[in-house]
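Participant: need a structure here:
(chains A, B and C)
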Amino acid sequence: MSALLTLEGLGKDWFGVPAVEGLTLSIAPGEVLGLIGENGAGKSTLMNMIGGVVPPTRGRMLWEGQPYAPASAADATAEGVAFIHQELNLFGNLSIAENILIDGFPRRMGLIDRRAMARATEALMARLDLDLSPDRPVGTLVAGEKQLVEIAKALHRRARLIIFDEPTTSLTTREIERLFSLIDRLRAEGTAMIYISHILGDVVRVADRVAVLRDGSLVGEGPVDDFPVPRMIHSMIGRELADVFPPRRIAPPDAPPVLEVEGLSAPGVIEDVSLTVREGEVVGLFGLMGAGRSELARILFGLDPAERGRVRLGGQALHGGPRERIAAGMGFVTENRREEGLMMDASVRDNLALAALGQFAAGPLGLVDREKVGAAAQAMQQDLRIKAADLARQPVRSLSGGNQQKVVLGKWLLSRPHLLILDEPTRGVDVGARAEIYAIVNRLAEEGCGVLMISSELDELKGMCDRIAVMRGGEITGERSRAGGYRDADLVALAFGEQAAA
Amino acid sequence: MQTLTLAAALAAGTVLSAGAASAANICFAFQDLETEFWVAGHQAITTALQEGGHTVIERNANEDANRQLEQVRDCIAQGVDGIIIIPQDGESAATIVNEAQNADVPIAVFNRPPSDLSKGIIVVADNATIAEQAVDFALTKAIERAGGEPVQPLILVGDLGDPNAVGRRAGFNAAVEKHGDAVATPIEVASNWDAATALSNLEAAVTANPNIDMLFTSSDFLFPTIRSVLEPRGMWKAAGEEGHVVMAGLDGDATACSLIKEGYVDATGVQDLYFEADAALEALLAAMEAGEAQPNQVIEDPGFALTTDNIGEREMDMWGCVLLAEGFLNK
Amino acid sequence: MTAIDAPAPVPARQRRGFLARLLGSEYFVLWLTVGYFLVLLPFLPTLGTPANLVNLLSNMWPLLVVAIGQTFVMAVAGIDLSQGAVMALTSTLAAALLATGADPAVLAKAPIWGVLLSERGGLLDGRGGVGLALGLGLAVLAAVAVGLMNGIAVARFRMPPFMVTLVAMMIAGAFAIWLTQSENIRNLPEQFIALGKGDIVSVYFGARTESQLPRREVYPLVTYPAIVAIIVAVLAHWLLERTVFGRQVIAVGANRRAAEISGVPVVRVLILAFALSALFAAIGGLLYAARLEAGRPTLGSGTFLLDVIGATVIGGTSLFGGKARVIWTVFGVAFFVLLSNSLNLMNLSSFHVDMVKGAVILGAALLDVARTRLTRQALP
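Facilitator: Just a heads-up that it's a prediction; the model follows:
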């Protein structure tokens, strides 16, 4: 099979410093290439070159053997390259049909031909098994459906190379499965695909070949069968990762409870939730998207109201909003750090200090002791190994995803919580930083902090948690402990509400 | 040949030095250029200054009294020889005059009197006298037409909180008194300087008293309103036609000028902008010449009435007619 | 196909260019101001004369006080359009309470006549320093009440600040005009007027000779407005930089949701920011009123607000919130006042002056975007 896209000695410099160097790679029609690498390894730069956003400094690209040098994103689109991003490029206020056909509405007598639009859209949606009215506004769709609309758009433009960039971060398990079977079908139809993801298990599942980038260079490439997950990790970070989930001293079963939740209900969101987290214990919360996990976390943190039930922290009943909960010793790492976790344009130091400002203040005027803040930030940087050049000036935005997440964690560590709630703490974080975050959580637990960890990745929960509670439809459907042994089928069945047979 | 060149050079030198001796830097700070009247006033002053060979430094305060104060201070810092202001209001005018006089820069205030008349060169229009001239002319015309019957006059009064409106009504009443029994008791219609108020009040008054012979509006800007009331009742007629109501106004704007030319309006009292500009400049230049840093003087503009009789010779003394000639109404 | 990911961050080894360092500097606008002054000086010698420098300073002080208020609101990603109207209201109320007398011919129709003000003067006239302090205090309190209402509408009811303060501008402005039926209130007590123009230290530069008229060369250097403005600036700087409240203001502006989750009392911070804006506007309004020797219900109308917002933005405070420093606003006001002054001295027509000012504000906004991008790229 001849290659669709060939890269020959491709390189790109930013201000004289190479970001991508000597990259030679090809992809054939009907092939899925898994592209992996840590943040900053050069994946974005490579994709931007293929997508026509930036021109390469060295080397060249061939499209079906012909020189390919897109001058703009539009050029690349015209050639047949499509991107499916983690942040989707759709117009929420427009309908599915309008979004798919946005670059050229069918017309009749100068007017938009609504019927032709509906026909074209329905045909595309049938190919994707998307059973929705073409007139639905995209804003009303769930994440997985939006992504399918985006793929439909690519198909409409007769894309021959589809690049998926972290496509599963906001999808539920079921939606992920549907995406994978769609990828299989597109492969059978002869579409070439590049699949970029931090979730290595997914790469194993969908890719035919794997390419590993590190520091801008290709450090490994071959059939997926030659790349089991440990080898992928090794190639990506250039060293062995002894164990992604470092061992931790197990909390004694008779440790006093930190968090006690009894019969907590908020109509339509959660129903009769009871849960206990002990000192030094990491409790996982598993479930599908929409099962009520994040909603429970928000209620526990006082961001949303509960109608019934009691929440106690260290034996004290909790009232009020986040301020009161923080004062009582709670911390909350939200699932979307950009929107709710960080001040993206503020410095690392200001972000770290935010939740514990009161600690650094003195006197009736509440004067902040800047030296104390600086020292605390520095200590936290060393402690968490945050890679930042200038704590006082560097905006958090310029850090990698993993380091950003460490800043969020550091912010809560400074307020010395008794209970830390983590909602998807490793989303969009590369493997190396993940391991560091797990180590931080473990250390925190060993110091006696209770941790409630929400994750959609079962492996992560199994590796980290002393107990895992499973939610479905706003209720806790079951709880399993490490001592009793975790079985995937059992946990997934609880999440789906099927009989725990498997 | 050589002598001739020398003589020419000498002559040129004399002219230059003479120019330098009398030419001055004058700061002209005005509050805004939003109405016809102020555009004309601004033009009158800058033209007069430039014709006198003076350098004009213009400052527009955009209706902000504080900005005007800052602009005048900047002028003083620049070392101007004299200042003319069209102030935002009487209070800020008094403060600015003080500011200038404390810095020993002569200052003249144009058209809007400061609340303290004792300081600075102040040019004010005498509203009462101007109104009286215009109304007197109109009443005389009306009495001629009436042929012995007493004339019924009507006055559209402005906002009586405004000294201008008070002065204009006083002038109207003085003219009415002068004609004694030939004139009936006037009908007073309130306008509050508002076209909508004027419209409804005038409609009511004209319906109640259809036999009006003479109408005086305290400001020319109400003529379009008057027309919309009189025209449907067949009372909007030119001077030669049957049923003409003799009309007079005050201000002298472009609309009034064109209406006088067409014969619908018989007279309008005019603030003599060009006189005011010249008088202010003359007084200011005289003070500068004399080395007087704090000249104090009140100059009254007696104004004049532009009438159907004198429009031939005095047309170009009225600012509204100048604007009209420049095509203002067609813009 | 729309945007693709932004280019990868430049590695740490990348050396920052001189331009990037200058643009990224905290003191950029100060250097700009000094540079502008020095470049123009040879062409406009008047610019550096003592008289002009004194003008520059005296124009700067009241504007600075008002702009500092705007800085707090912009820091929380808001905007306060009601500052001008608040100034008008404060100056009118203070003048009505403190006037030493009033002309019934002018003011008898005003609703405050016989209530706050009569022929014999204002309600608090003739009660010495206590009366003066009380009068000024009450007027400032009224202003703060407007600010609190703005803040409550924005924070509690989540209304957009632009709308809220636009409405407040209309209501407070119309209320001030109604109070006196658009008349100015004169006859302010001596001490009040001193607040606007009284000097404490003046400098004698000797006799002036070049002019055709003999003039004294005495210039007020340290004036009451200067002292008031400097005290306000220092306190505001402390409040924003050094206190928990100040850091919370910045946090709310940078990311309201993140601030809320991190335990910042968002509602309280927003309300206080708007109250501070009104407070500083009121103080600035009193300085302006004292300088003009009258309480004016039309004070701060027209394009004044553009000066305030323009100066604040030029200083570097972001319209999008989370990025604000009082010292930036000091530089911004200095540059803006210098710009206006120099354009005046160039004898440009008023149309050109406004066009140049508009262009400079646009330039500042573009520069803000460029600076943000540069600092983002220049850092690893």
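Participant: all contacts plus neighbour counts: C-alpha atoms, from now on.
Facilitator: Will do.
Participant: what's the neighbour count on the nearest residue to residue C:321 once chain neighbours are set aside?
Facilitator: Leaving aside its chain neighbours, residue C:321 sits nearest to residue C:77 (3.6 Å; criterion: C-alpha to C-alpha, 6 or more residues apart in numbering or on different chains). Neighbours of residue C:77 under the rule other C-alpha atoms under 10 Å in any protein chain shown: 24.
Participant: ok, residue A:163 next?
Facilitator: 24.
Participant: wasn't it part of a strand?
Facilitator: Yes - if the criterion is DSSP: H, G, I helix; E, B strand; the rest coil, then residue A:163 is within a strand.
Participant: surely it and residue A:84 touch.
Facilitator: Yes - between residue A:163 and residue A:84 there is a contact at 6.0 Å, judged by C-alpha atoms under 8 Å.
Participant: list the contacts of residue A:295.
Facilitator: A:269, A:270 (C-alpha atoms under 8 Å, 6 or more residues apart in numbering or on different chains).
Participant: measure residue C:345 to residue C:49 for me?
Facilitator: Separation of residue C:345 from residue C:49 (C-alpha to C-alpha, to the nearest Å): 12 Å.
Participant: skipping its backbone neighbours, what lies nearest whichever residue of the stretch 151-300 of chain A sits closest to chain C in space?
Facilitator: Residue nearest to chain C within the stretch 151-300 of chain A (C-alpha to the nearest C-alpha): residue A:154, separated by 8.8 Å. In space, and not counting its chain neighbours, residue A:154 is closest to residue A:82: 5.7 Å by C-alpha to C-alpha, 6+ apart.
Participant: tell me who's in contact with residue B:328.
Facilitator: residue B:254.
Participant: got the domain ranges for chain B?
Facilitator: Taking automatic domain parsing as the reference, chain B has its domains at B:6-124+B:272-301, B:127-270.
Participant: remind me which helix or strand the residue nearest to residue C:321 belongs to.
Facilitator: Using DSSP states H and E, residue C:77 maps to neither a helix nor a strand.
Participant: for it, what are its contacts?
Facilitator: C:252, C:253, C:254, C:318, C:319, C:320, C:321, C:322.
Participant: where do the strands of chain B begin and end?
Facilitator: B:25-30, B:55-60, B:82-86, B:107-110, B:121-125, B:153-157, B:187-190, B:214-217, B:246-251, B:267-270, B:297-301, B:304-307 (DSSP state E).
Participant: how far off centre is stretch A:102-109?
Facilitator: Distance, stretch centre to chain centre, for stretch A:102-109: 36 Å (C-alpha atoms, centre = their mean, to the nearest Å).
Participant: any residue of it touching chain C?
Facilitator: No - with C-alpha under 8 Å from any C-alpha of the partner chain as the criterion, chain C is not reached by stretch A:102-109; the gap is at least 9.5 Å.
Participant: looks to me like the residue nearest to residue A:154 is in a strand.
Facilitator: Yes - according to three-state DSSP, residue A:82 belongs to a strand.
Participant: hey, what's it bridged with?
Facilitator: residue A:162 (DSSP bridges).
Participant: so what's it up against?
Facilitator: Residue A:82 makes contact with A:76, A:154, A:159, A:160, A:161, A:162, A:163, C:1 under the criterion C-alpha under 8 Å, 6+ apart.
Participant: repeat that with 10 Å
Facilitator: A:51, A:73, A:76, A:150-151, A:153-155, A:157-164, A:193, C:1 (C-alpha atoms under 10 Å, 6 or more residues apart in numbering or on different chains).
Participant: need the pLDDT of it.
Facilitator: The model reports residue A:82 with a pLDDT of 89.
Participant: in a helix, that's where residue C:182 is, yeah?
Facilitator: No - per three-state DSSP, residue C:182 lies outside any helix segment and is coil.
Participant: give the contact list for the closest residue to it other than its chain neighbours.
Facilitator: In space, and not counting its chain neighbours, residue C:182 is closest to residue C:297: 6.1 Å by C-alpha to C-alpha, 6+ apart. By C-alpha under 10 Å, 6+ apart, the contact set of residue C:297 is C:85-93, C:172-185.
Participant: where does chain A dip in pLDDT?
Facilitator: A:1, A:15-16, A:40, A:86-88, A:239-244, A:498-502 (pLDDT under 70).
Participant: and the residue of it closest to chain B?
Facilitator: Counting by C-alpha to the nearest C-alpha, chain A gets nearest to chain B through residue A:365 (36.2 Å).
Participant: helices and strands of chain B: which one has the lowest mean pLDDT?
Facilitator: Each helix and strand of chain B was given a mean pLDDT (mean pLDDT, DSSP states H and E); the minimum falls on helix B:2-22 at a mean of 38.
Participant: OK, contacts around residue 172?
Facilitator: As the question left the chain open, I've gone with chain A. So residue A:172 contacts A:142, A:143, A:144, A:178, A:287, A:288, A:289, A:290, A:456 (C-alpha under 10 Å, 6+ apart).
Participant: sorry, should have said chain B
Facilitator: B:128-136, B:154-155, B:157, B:186, B:216-218.
Participant: again, but for residue A:249
Facilitator: By C-alpha under 10 Å, 6+ apart, the neighbours of residue A:249 are A:280, A:281, A:442, A:443, A:445, A:446.
Participant: and the residue lying closest to the last one once chain neighbours are set aside, how many neighbours?
Facilitator: I take that to be residue A:446. Closest residue to residue A:446 apart from its sequence neighbours, by C-alpha to C-alpha, 6+ apart: residue A:280 at 5.5 Å. The local packing of residue A:280 (other C-alpha under 10 Å) involves 28 other residues.
Participant: likewise residue A:130?
Facilitator: Using other C-alpha under 10 Å, residue A:130 has 15 neighbouring residues.
Participant: can you check residue C:91 too?
Facilitator: Other residues close to residue C:91 by other C-alpha under 10 Å number 34.
Participant: is it in a helix, a strand, or coil?
Facilitator: Classified using three-state DSSP, residue C:91 is helix.
Participant: for it, what are its contacts?
Facilitator: Per C-alpha under 10 Å, 6+ apart, neighbours of residue C:91: C:85, C:97, C:136, C:139-140, C:143, C:176, C:184-185, C:282-290, C:294-299.
Participant: do you know how far it is from chain B?
Facilitator: 13 Å (C-alpha to the nearest C-alpha, to the nearest Å).
Participant: which residues does the residue nearest to that residue when sequence neighbours are not counted bridge with?
Facilitator: For residue C:91, ignoring the flanking residues on the chain, the nearest one in space by C-alpha to C-alpha, 6+ apart is residue C:295 at 4.7 Å. Taking DSSP bridges, one obtains residue C:185 as the residues bridged to residue C:295.
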